[in-house]
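In: Here's a sequence, model it:
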Amino acid sequence: MDMVEGMFAIRPATDADHAAVAGVITDAQPDDPPVTVEVLRWVLSRADPERPHPFLVAEEAGQTVGCVILRRVPELLPLVLILDVHPEFQGRGIGSALLEAALSDASQGTEVGVNVSAAHPEGVDFALHRGFVEEFRTYESTLDMAAFNAEAYAANMASLASLGYRFTSLAEEDSPQLRRALHELNLTVTKDIPTVLELQPTTFEEWTRDWIMAPHALPAAFSIALWQGSPVGFSYVISQSEGVGYMWMTGVAREHRGKGLAFAVKVEALRAAQALGLREVITNNDLDNAPMLAINRRLGFQDRPARIGFKKRLA
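Out: Take a look at the predicted model:
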């Protein structure tokens with residue numbers, strides 16, 4: 001049943017709402033790459049059906065003016081909140097009504113997390129005034145691919161090759177065995193990410209769905225470092241929107257760190273992203289991850305406003 005608040009109504013979203021919802025999110029986050037229907041559907045597909053996963057829209061005079069998505073994703077324990085209201089309709093209680101409706105079925109003690117750009121103080125204030133507490137901040141940075149020159153790092157690559165490392169991509173050497181090995185490597189390196197988040201291990205099926213089969217997948221930009229035939233490092237650039245990529249994750253096995261492999265796999269992933277025609281690559285890192293931040297700056301990434309992770313435990 002629809003819930004009416006003032007001049008707007010809130011109702012469950014349907015497949016027919018996807019285009020309008022993608023538009024609302026894009027308009028509400030003008031500093032971020034546009035959200036496509038394809039990406040939105042992937043986001044929705046990651047919801048755990050055993051946990052609350054409301055997807056609601058707010059309408060006024062037949063126009064979609066706001067949306068809320070609440071779901072649990074495989075790698076995080078708290079429910080993850082996405083809440084956006086079209087800029088022309090903000091400040092009228094629509095966001096508050098959407099949040100209340102989305103949380104109505106969540107049980108006491110449930111933790112809910114939301115990510116807000118520090119460039120949007122109104123979003124930060126919204127979270128703080130509704131009981132969310134800052135949990136962490138990440139640096140977001142962007143690389144202009146027109147200024148990136150992979151050949152400038154040829155000496156680094158040659159040095160690693162002389163030690164016995166070989167670089168490839170998932171597009172070049174995909175196989176069931178390699179996928180299994182990459183999943184195991186991902187599980188190992190994830191444990192060492194300096195973050196306050198309690199990252200959960202993903203199953204091979206979840207990892208395959210999100211990393212290999214998702215609409216944003218770019219196998220050519222899944223850079224892999226091999227040692228004696230086994231993957232020991234990787235860096236992955238995915239497609240975020242037309243012409244824009246996101247450097248999702250970079251990791252190196254513990255016993256192979258300190259040799260410049262993280263830098264090298266990033267170079268190879270960016271080389272592939274450039275060849276695919278991406279004009280910009282965005283990434284973010286925890287403030288405590290000094291080694292990765294240093295690598296990104298060496299590669300030419302420029303800082304953007306930080307992103308703030310908030311969390312709330314429902315009473």
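
In: Ile69: how many residues sit nearby?
Out: When neighbours are defined as other Cβ atoms under 10 Å, Ile69 has 22 of them. For the C-beta atoms, the positions are set from N, CA and C on the backbone; glycine is no exception.

In: Show me what secondary structure element comes after the helix or strand encompassing it.
Out: Applying DSSP states H and E as the criterion places Ile69 in strand 63-71. On the C-terminal side of strand 63-71, the closest following helix or strand by DSSP H and E is strand 79-85.

In: what packs against that next one?
Out: On a contact count with 3 or more Cβ pairs under 8 Å, 6 or more residues apart in numbering; DSSP states H and E, strand 79-85 meets helix 18-28, strand 63-71, helix 94-103, strand 111-117.

In: can I get the CA coordinates of that strand in CSV?
Out: Output in CSV follows, covering the C-alpha atoms of strand 79-85 (Å, rounded to 0.1, in the frame of the first residue of the first chain):
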residue,chain,number,x,y,z
LEU,A,79,22.7,-3.1,5.9
VAL,A,80,23.8,-0.6,3.2
LEU,A,81,21.6,2.4,2.6
ILE,A,82,21.3,4.4,-0.6
LEU,A,83,19.0,7.4,-0.2
ASP,A,84,18.6,10.2,-2.7
VAL,A,85,16.1,13.0,-3.4
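
In: Show me the strands in this protein, by range?
Out: Secondary structure of the chain, counting by DSSP state E: strands at 3-5, 8-12, 55-60, 63-71, 79-85, 111-117, 133-144, 165-169, 222-227, 230-241, 244-252, 280-286, 302-313.

In: picking that back up, I'd like the helices and strands packed on strand 79-85 laid out as a markdown table, including mean pLDDT.
Out: Converted to a markdown table, those look like this (pLDDT from 0 to 100):
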| stretch | mean pLDDT |
| --- | --- |
| helix 18-28 | 97 |
| strand 63-71 | 96 |
| helix 94-103 | 96 |
| strand 111-117 | 93 |
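
In: Any chance of these in a markdown table with distance to Phe301 as columns?
Out: Formatted as a markdown table, those follow (distance: least, Cβ to Cβ, whole Å):
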| stretch | distance to Phe301 |
| --- | --- |
| helix 18-28 | 23 |
| strand 63-71 | 29 |
| helix 94-103 | 32 |
| strand 111-117 | 17 |
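
In: So for Pro215, which of these sits nearest?
Out: helix 18-28 (12.7 Å; Cβ to Cβ).

In: Show me what the closest one is packed up against.
Out: For helix 18-28, where contacts count as 3+ Cβ pairs under 8 Å, 6+ apart, the packed elements are helix 37-45, strand 63-71, strand 79-85.

In: Going by neighbour count, list what's buried in it.
Out: Residues of helix 18-28 classed as buried under the neighbour-count rule (16 or more other Cβ atoms under 10 Å) are 18, 20-28.

In: tell me the centre residue of the chain?
Out: When Cα atoms, centre = their mean is applied to the chain, the residue found nearest the centroid is Trp248 (6.6 Å).

In: wait, doesn't that residue sit right on Gln240?
Out: No: in this structure Trp248 lies outside contact range of Gln240 using Cβ atoms under 8 Å: 9.4 Å.

In: shaky segments in this structure?
Out: Under the criterion of pLDDT under 70, the regions of the chain flagged as low confidence span 1-6, 77.

In: please redo it, this time with the cut-off set to 50
Out: Where the chain drops to pLDDT under 50, the residues are 1.

In: Following the record's annotation, map out the domains of it.
Out: For the chain, whose domains are defined here by automatic domain parsing, the residue ranges read 3-106, 141-304.

In: who wins for proximity to Phe132 among these?
Out: The minimum distance between Phe132 and these falls on domain 3-106, with 9.0 Å, by Cβ to Cβ.

In: so how far is that closest one from its chain's centroid?
Out: Between the centre of domain 3-106 and the centre of its chain there are 17 Å (Cα atoms, centre = their mean, to the nearest Å).

In: Same check on stretch 100-117?
Out: A distance of 19 Å separates the C-alpha centroid of stretch 100-117 from that of its chain, computed with Cα atoms, centre = their mean.

In: buried set for that stretch?
Out: Per 16+ other Cβ under 10 Å, stretch 100-117 contains these buried residues: 101-103, 106, 110, 112-117.

In: Endpoints of that stretch, how far apart?
Out: End-to-end distance of stretch 100-117: 22 Å, with Cα to Cα, to the nearest Å as the criterion.
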